[in-house]
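Undergrad: Coordinates for the following, if possible.
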Amino acid sequence: MVLGKEIKRVALINPFQVTSEGYDNEVILRKGQSTELPLGLAYLSAYLKRYGYEVKIFDAHMAAIKGIALGRFSRMEEAEDELLDSVRDFRPDLVGITCPFHYIYKTAHRIAGRITGCPVVNGT
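TA: Numbering: from 1, shown residues only. Next up is the predicted model:
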């Protein structure tokens, strides 16, 4: 239990890996944006599933790159809104965000504001 609430559904997020200016769309379109699989989140997901939790990983970084490359997003806010809607629609009891970089704060704050009564946990 966390804050008096039983945890059954866990959303794990690999955040946008960008600067405060957002993605460089031209670099992405030239296939120059690097990405790594969220292996740590996959390990954590497997562990949680082993103990009966329902877990979903949201790879916001890869979704943003694909969205820009396919022309679905022209602004960072569009990618962020899609992430927030997807996480909300999953209806998690707990949100965990890996934060290997300093720019996670904005995403964590927006998620906490959109999903009321759900703790948001950051870590590496």
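
Undergrad: can you give me the helices for this protein?
TA: Along the chain, counting by DSSP state H, helices occupy 25-29, 39-50, 60-69, 76-90, 104-114.

Undergrad: Tell me what angle the fourth one forms with helix 104-114.
TA: When you say that, I think you mean helix 76-90. Calculated by axes from the mean of the first three to the mean of the last three C-alpha atoms, to 10 degrees, helix 76-90 forms an angle of 50 degrees with helix 104-114.

Undergrad: ok, now the second one?
TA: Calculated by the same axes, to 10 degrees, helix 39-50 forms an angle of 30 degrees with helix 104-114.

Undergrad: Quick one: mean pLDDT for stretch 67-84?
TA: The average pLDDT within stretch 67-84 is 84.

Undergrad: repeat for stretch 96-115
TA: Stretch 96-115 carries an average pLDDT of 74.

Undergrad: Let's see the distance spanning it from one end to the other.
TA: By C-alpha to C-alpha, to the nearest Å, the extent of stretch 96-115 from end to end equals 13 Å.

Undergrad: Okay, buried residues for it please.
TA: Neighbour-count burial for stretch 96-115, counted by 16 or more other C-beta atoms under 10 Å, picks out 96, 97, 98, 99, 104, 107, 108, 110, 111, 115. (Each C-beta comes from the backbone N, C-alpha and C, glycine too.)
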